[in-house]
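Chemist: Build me a model from this:
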Amino acid sequence: MEESNEKPFCSRWARRRVPAAHREELVHILRMTGPLLLSRILNYLLPFVVTMFCGRLGNNVMAGYGLASASINVTTAATGYGLILACDTLVSQTFGGKNLLRVGVILQRGVIILLLFCLPCWGLLINAQVILLCVGQDPEVASHTVVVTVISFTDFFLLCKNEHLSPPAGWSVESLQEWGSFMKLAIPSTLMKCFEWWVYELGGFFAGMLSEDELAAQHAVIMVAFITYMFPLGIQAAACARVGNALGAGDRARAILTAKVALTLAGSIAVVEGIVLGSSKTVIAALNNSLVSHLMNAYCFLQFFDALVGVCTGIFLGTGKQKIPAVANFIGYYCIGLSLSITLMFVAKLRVFGFWLGLLVCVILQSTLYIIVIFNLNWERMTEEVCFWILGLICACSKVSIGPSESSRSPGWEPAHISGNVTCLWFLI
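Modeler: Model prediction:
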């Protein structure tokens, strides 16, 4: 066993200074982060490629697609992504408790809730042209916007075509029950994600009030931020799954170890990213405008603390403590960060650079608070609560049959395993 743990770290320095348990946990996190990182990069490449094609069709088409993306992100993507984060908590903990059949029920429940949530979103997006005209947008740009929003509805059929979402037992009636416990996690998760997502959309709005050059520089830095944030986002999902699995299995020590290793890994990668961004900021500025190089001075430091905040958020998701980052995001981003950003942008005349300085102060305070809170949580009590919840599910499953009965099962029948990250469901919708 020890030999297998040391294979990924063959150097004597690593074996001598890094404990075996830490090395083993690091390997597990890296194995989960790799596929998750790849899936997120591929999800990001789709709108990136569409943006390039729209840019070849003219400024009006490009503006219409940009406006459609902002409308979808604000009204649909951020909210739906937050709703499905409840599955990250429930699935990881249930899977850790070896209740595999219940994992399928939770997945079905999440899909149904998301489909119901799509109905009001579709109503908003269908009437996007009328709404945009009412707020003074260009009619031609608004017409291109509604084309993109209506076409996005067809993505729903991708979800229906994925056969791996349906377990061998088919859809269960239990997916229509216990929505209260799901929404208790989904609502704070949604607020947490929306508070974070919307502040960057507001940054683009404020930059547009200054000048076109400021808006272009803001957009360029946001694109760089999307790419660099993929790495801590993959670690966030891996940390959420590992912490949830450990709590579901009643292993408190492994959950704490996962938190430590994930934070260390995210911080190390963020340091490397900061060095790369700092040394290549002139190249990035040459591809856009000279203001980008000035903004990168603030973002190189911001991305380090933002990576810690992202991984801490994944740890909170794994423990089911979504209310903590939800409240912290509102206070940090809006009461502190956005207020300071507006003051620095318009009062101190720092323009768009002031926006990033305000966010830098915000994420420094948030990362410090999150780390202090995480390592002062009552992990023993949380482990007992999760194990008690898993035990209740097992008792319920023993009374209510989920799937084929013992007599009707074929000899090779096995419960379905959920592959991939549950949050990817929302991108399919």
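Chemist: hey, where'd the helices end up in the stretch 101-250 of the chain?
Modeler: Counting by DSSP state H, counting those that start in this stretch, the segments of the stretch 101-250 of the chain that form helices are 128-134, 139-151, 156-161, 179-210, 212-248.
Chemist: closest to G82 out of the ones you listed?
Modeler: helix 179-210 (3.2 Å; CB to CB). Heads up, the C-betas are built off the backbone N, CA and C, glycines and all.
Chemist: picking that back up, CSV for the helices of the stretch 101-250 of the chain, including distance to N60?
Modeler: Formatted as CSV, the helices of the stretch 101-250 of the chain follow (distance: least, CB to CB, whole Å):
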stretch, distance to N60
helix 128-134, 13
helix 139-151, 5
helix 156-161, 28
helix 179-210, 17
helix 212-248, 16
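Chemist: which one of those helices is the most hemmed in?
Modeler: Among those, helix 212-248 has the highest mean neighbour count (mean count of other CB atoms under 10 Å), at a mean of 23.
Chemist: Between helix 212-248 and whatever helix or strand comes next after that helix, find me the angle.
Modeler: Next along the chain after helix 212-248, taking DSSP states H and E as the criterion, comes helix 252-279. Calculated by axes from the mean of the first three to the mean of the last three CA atoms, to 10 degrees, helix 252-279 forms an angle of 160 degrees with helix 212-248.
Chemist: averaged over its residues, what pLDDT does helix 252-279 have?
Modeler: In this model, helix 252-279 has an average pLDDT of 93.
Chemist: packing partners for that helix?
Modeler: Counting contacts by 3 or more CB pairs under 8 Å, 6 or more residues apart in numbering; DSSP states H and E, helix 252-279 is packed against helix 20-57, helix 212-248, helix 290-319, helix 379-399.
Chemist: Mind checking those for the one nearest to I364?
Modeler: Across the helices and strands packed on helix 252-279, closest to I364 is helix 290-319 (CB to CB), at 5.2 Å.
Chemist: quick one: A270 from V309, how far?
Modeler: 11 Å (CB to CB, to the nearest Å).
Chemist: ugh, typo on my part, it should be A68
Modeler: 29 Å.
Chemist: T282 now?
Modeler: Taken as CB to CB, the span from T282 to V309 is 28 Å.
Chemist: out of the two, which sits in the more crowded spot?
Modeler: Neighbours per residue (other CB atoms under 10 Å) separate T282 from V309, with V309 holding more: 27 against 11.
Chemist: Looks like the more buried one contacts I364 (just checking).
Modeler: No: between V309 and I364 there is no contact under CB atoms under 8 Å: 9.5 Å.
Chemist: Just the endpoints, please. Distance across stretch 282-296?
Modeler: 9 Å (CA to CA, to the nearest Å).
Chemist: Show the contacting residues for T33.
Modeler: Residues in contact with T33 (CB atoms under 8 Å, 6 or more residues apart in numbering) are 231, 234-235, 237-238.
Chemist: Correction: the previous question concerned G96.
Modeler: Contact partners of G96, counting by CB under 8 Å, 6+ apart, are 244-249, 390.
Chemist: Now with 6 Å, please.
Modeler: G96 sits next to 244-245, 248-249 when contact means CB atoms under 6 Å, 6 or more residues apart in numbering.
Chemist: now do A78
Modeler: Shown in contact with A78 (CB under 6 Å, 6+ apart): 193-194, 197.
Chemist: Could you list the low-confidence segments of this structure?
Modeler: Residues of the chain meeting the criterion pLDDT under 70: 1-16, 55, 59, 153-172, 175, 287-288, 390-429.
Chemist: Can you tell me the centre-most residue of it?
Modeler: L233 (6.2 Å; CA atoms, centre = their mean).
Chemist: Apart from its neighbours in sequence, what residue is nearest A78?
Modeler: W197 (4.0 Å; CB to CB, 6 or more residues apart in numbering).
Chemist: Could you check how far the one you found is from S293?
Modeler: 26 Å.
Chemist: what does G208 give?
Modeler: 21 Å.
Chemist: ditto for L340
Modeler: From L340 to S293 the distance is 23 Å (CB to CB).
Chemist: L42 now?
Modeler: Counting by CB to CB, the gap from L42 to S293 is 29 Å.
Chemist: Of the two, which one has the most company?
Modeler: Counted by other CB under 10 Å, L42 and S293 do not tie: S293 has more neighbours, with 17 against 10.
Chemist: these two touch, right, the more buried one and A285?
Modeler: Yes: the pair S293 and A285 qualifies as a contact (CB atoms under 6 Å) at a distance of 3.7 Å.
Chemist: chain center to stretch 269-281: distance?
Modeler: 22 Å (CA atoms, centre = their mean, to the nearest Å).
Chemist: likewise stretch 257-277?
Modeler: In terms of CA atoms, centre = their mean, the centre of stretch 257-277 is found 17 Å from the chain centre.
Chemist: outside of it, which residues touch it?
Modeler: So stretch 257-277 is contacted by 22, 25-26, 29, 228, 231-232, 235, 239, 242-243, 300, 304, 307, 311, 315, 374 (CB under 6 Å, 6+ apart).
Chemist: again, only this time at 8 Å
Modeler: Here stretch 257-277 has contacts from 21-22, 25-26, 29-30, 224, 228, 231-232, 235, 238-239, 242-243, 246, 284, 296, 299-301, 303-304, 307-308, 310-312, 314-315, 371, 374-375, using CB under 8 Å, 6+ apart.
Chemist: Can you tell me the element the closest residue to P47 other than its chain neighbours falls in?
Modeler: Of all residues not flanking P47 in the chain, S69 sits nearest, at 6.3 Å (CB to CB, 6+ apart). For S69, the host element (DSSP H and E) is helix 59-72.
Chemist: close enough to count as contact, the residue nearest to P47 and L46?
Modeler: No: contact criterion CB under 8 Å: S69 and L46 do not qualify, at 11.1 Å.
Chemist: follow-up on the earlier one: residues contacting the residue nearest to the centre of the chain?
Modeler: 36-37, 40, 310.
Chemist: now these in a markdown table, with distance to V148 and neighbour count?
Modeler: Output for the contacts of L233, formatted as a markdown table (distance: CB to CB, whole Å; neighbours: other CB atoms under 10 Å):
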| residue | distance to V148 | neighbour count |
| --- | --- | --- |
| L36 | 27 | 21 |
| L37 | 27 | 19 |
| R40 | 22 | 21 |
| G310 | 29 | 25 |
